[in-house]
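Trainee: what follows is a predicted protein model with its sequence.
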Amino acid sequence: MSEKINIGLSIGGTKIAAGVLNASGLVGTPDDQPEPVTWQQLEQAHPNLPPFDRALTGIVEEIDTALKKFKIKSDALSGVGISWAGPGDYAAGKIKNDKIPGFQTMVDLKTPLQNLISKKFGRAVPIEIMHDGAAGAVGEHRLPNGALHGQPHGIAVIVGTGVGAGFIENGHPVYGVCGKAEAFIGEIGFHLIRSSDGSYRYRGNGANWDHPVPYDPDPAKGEVRLEQRVAGPWVAARFVEFLRAAGEPDQKRFGVEIPLGPDALPSVQRPIVTDAALQAELLASITQWAIDMKHAGHVAARTFIQEVGLELGRALAVFRAEYADRPFVKEGRIVLISTMGEKFGEGVLDSHGQDLFLKAVRRGAGFENIVRSRIGVEREFAFAMPPV
């Protein structure tokens with residue numbers, strides 16, 4: 001009998017990434033996996049397709065690319081697992097994401113994708129869709145080098161293009177769906193609301209998952225969601241604002257005019273860096289400046305990194321208080337995952353040689369058992385491993 005092969009897909013607000021998996025994990029190394037495709041690249045490649053159809057095409061193309069890269073015949077493909085950044089009715093295959101064109105309202109991804117895969121490969125393939133927070137938590141729990149491996153309870157907090165979370169309780173993922181998909185417990189970037197005074201409150205579904213409450217921020221009161229403070233697109237823009245307020249030169253450092261566009265979410269207007277490459281350059285520069293003591297932006301960058309960490313920590317403290325009776329809070333470690341959680345401020349140390357950003361998160365949360373993930377891209381796909 002030939003080896004079972006699954007394709008794991010990580011789909012977020014910036015890109016589609018694929019990993020080829022057997023029962024032991026990734027086939028090859030993380031660097032061997034196909035190059036991710038960004039939404040911008042897909043738009044350029046398929047300008048005449050409607051956004052939803054373009055996404056479907058991009059997903060199938062990424063699956064095909066992954067199989068061809070490892071010279072795997074399509075008849076060896078036994079399943080596809082999708083880690084999705086956003087709320088959804090996952091059992092029904094229905095999902096949404098405000099930042100991805102074609103998915104601003106709840107849509108059925110599973111059925112049309114199954115049809116397109118059948119057309120492409122000549123047969124039906126099982127598809128499983130999981131919230132990216134839950135998938136991240138499963139990866140950290142399943143893989144031997146994961147921060148939650150061997151622990152019965154824990155939380156994986158995604159800080160990347162957006163902010164989300166996944167939960168392990170008694171060794172299994174907790175979904176917390178409660179009638180309305182928007183009330184999904186993992187959407188903490190939406191449920192945690194910052195007031196104009198800098199304090200946070202939880203306006204999600206609360207401890208009673210069957211009775212969700214509204215959680216839209218009120219712009220007139222200066223309210224914003226957590227993700228609009230600590231997620232990558234907004235942090236990049238905040239740093240430019242931070243430098244301007246400090247009277248330091250900014251866009252000349254990059255040789256371009258920094259485009260601070262309107263927020264993609266209609267209820268709030270805040271600056272955001274939407275260009276993925278520029279966003280990555282800005283975020284990397286913050287860390288580089290903070291490390292380089294001779295750089296003119298050294299002090300500003302260190303201060304900014306600390307401020308972002310403290311704010312994330314304070315928000316997590318509010319969430320932990322809301323679910324204080326649950327084992328994943330009472331007994332669980334928190335692991336920070338995704339680009340911001342793993343890389344922001346990495347290597348920037350305080351006077352005691354401790355991770356400045358991580359220490360700030362812990363102080364803001366009032367909780368010491370918070371770590372950064374050390375797995376990387378393999379975690380994103382581990383939930384999709386075929387059974388032994």
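Mentor: Yes, it's here. Bear in mind the structure is a predicted one, so any value in this text is a computation, not a measurement. Numbering: from 1, shown residues only.
Trainee: buried set for stretch 134-154?
Mentor: Buried residues in stretch 134-154, counted by 16 or more other Cβ atoms under 10 Å: 134-143, 146-148, 151, 153-154. For the C-beta atoms, the positions are set from N, CA and C on the backbone; glycine is no exception.
Trainee: continuing past the helix or strand containing Arg363, what's the next helix or strand?
Mentor: Using DSSP states H and E, Arg363 sits in helix 356-365. Moving toward the C-terminus from helix 356-365, the next helix or strand (DSSP H and E) is strand 370-372.
Trainee: before we move on, the earlier item: CA-only coordinates of the helix holding Arg363 in CSV, if you can.
Mentor: Extracted C-alpha coordinates of helix 356-365, given in CSV (Å, rounded to 0.1, in the frame of the first residue of the first chain):
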residue,chain,number,x,y,z
LEU,A,356,12.3,42.6,26.2
PHE,A,357,9.1,42.0,24.3
LEU,A,358,8.3,38.7,26.1
LYS,A,359,9.1,40.2,29.5
ALA,A,360,6.7,43.1,28.7
VAL,A,361,3.9,40.6,27.7
ARG,A,362,4.3,38.7,30.9
ARG,A,363,4.3,41.9,33.0
GLY,A,364,1.2,43.2,31.3
ALA,A,365,-0.6,39.8,31.7
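Trainee: what's it in contact with?
Mentor: Residues outside helix 356-365 that contact it (Cβ atoms under 8 Å, 6 or more residues apart in numbering): 290, 302, 305-317, 320, 334, 336, 344-346, 348-350, 368, 370-372.
Trainee: again, but for stretch 143-156
Mentor: Here stretch 143-156 has contacts from 25, 133, 136-137, 139-142, 165-171, 327-335, 337, 371, 373-375, 378-379, 382, using Cβ under 8 Å, 6+ apart.
Trainee: where does the prediction get shaky in the chain?
Mentor: For the chain, applying pLDDT under 70 flags the ranges 1, 175-184, 204-215, 244-271, 388.
Trainee: need the helices for it, in chain order.
Mentor: For the chain, helices defined by DSSP state H occupy the ranges 39-45, 51-69, 110-121, 132-142, 188-191, 227-230, 232-245, 276-291, 298-322, 327-330, 338-343, 356-365, 377-382.
Trainee: nearest to Gly86, of the ones you listed?
Mentor: Proximity to Gly86 (Cβ to Cβ) singles out helix 132-142 among those, at 7.9 Å.
Trainee: and that closest one, what does it pack onto?
Mentor: Other helices and strands packing on helix 132-142, by 3 or more Cβ pairs under 8 Å, 6 or more residues apart in numbering; DSSP states H and E, are strand 5-11, strand 77-84, strand 154-159, strand 163-169, strand 172-174, strand 333-337, helix 377-382.
Trainee: ok, now which ones touch Ala384?
Mentor: So Ala384 contacts 6-9, 19, 21, 79-83, 128 (Cβ under 8 Å, 6+ apart).
Trainee: how about JSON lines for these, with neighbour count and distance to Lys96 added?
Mentor: Below are these laid out as JSON lines (neighbours: other Cβ atoms under 10 Å; distance: Cβ to Cβ, whole Å):
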{"residue": "Asn6", "neighbour count": "25", "distance to Lys96": "25"}
{"residue": "Ile7", "neighbour count": "28", "distance to Lys96": "23"}
{"residue": "Gly8", "neighbour count": "28", "distance to Lys96": "21"}
{"residue": "Leu9", "neighbour count": "24", "distance to Lys96": "17"}
{"residue": "Gly19", "neighbour count": "28", "distance to Lys96": "24"}
{"residue": "Leu21", "neighbour count": "26", "distance to Lys96": "26"}
{"residue": "Gly79", "neighbour count": "18", "distance to Lys96": "23"}
{"residue": "Val80", "neighbour count": "23", "distance to Lys96": "20"}
{"residue": "Gly81", "neighbour count": "24", "distance to Lys96": "19"}
{"residue": "Ile82", "neighbour count": "25", "distance to Lys96": "14"}
{"residue": "Ser83", "neighbour count": "29", "distance to Lys96": "15"}
{"residue": "Glu128", "neighbour count": "18", "distance to Lys96": "18"}
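Trainee: which single one of these is nearest to Lys68?
Mentor: Closest to Lys68, out of all of the contacts of Ala384 and judged by Cβ to Cβ, is Ile7, at 11.7 Å.
Trainee: look up how far Thr57 lies from the closest one.
Mentor: As defined by Cβ to Cβ, to the nearest Å, Ile7 lies at a distance of 16 Å from Thr57.
Trainee: and for Ala324?
Mentor: In terms of Cβ to Cβ, Ala324 sits 45 Å off from Thr57.
Trainee: neighbour count: the two, which is higher?
Mentor: Taking neighbours as other Cβ atoms under 10 Å, Ala324 and Thr57 compare with Thr57 leading, 16 against 10.
Trainee: how about the closest residue to the more buried one other than its chain neighbours, phi and psi?
Mentor: In space, and not counting its chain neighbours, Thr57 is closest to His46: 5.9 Å by Cβ to Cβ, 6 or more residues apart in numbering. His46 adopts backbone torsions of phi -130, psi 60, taken as degrees, to the nearest 10.
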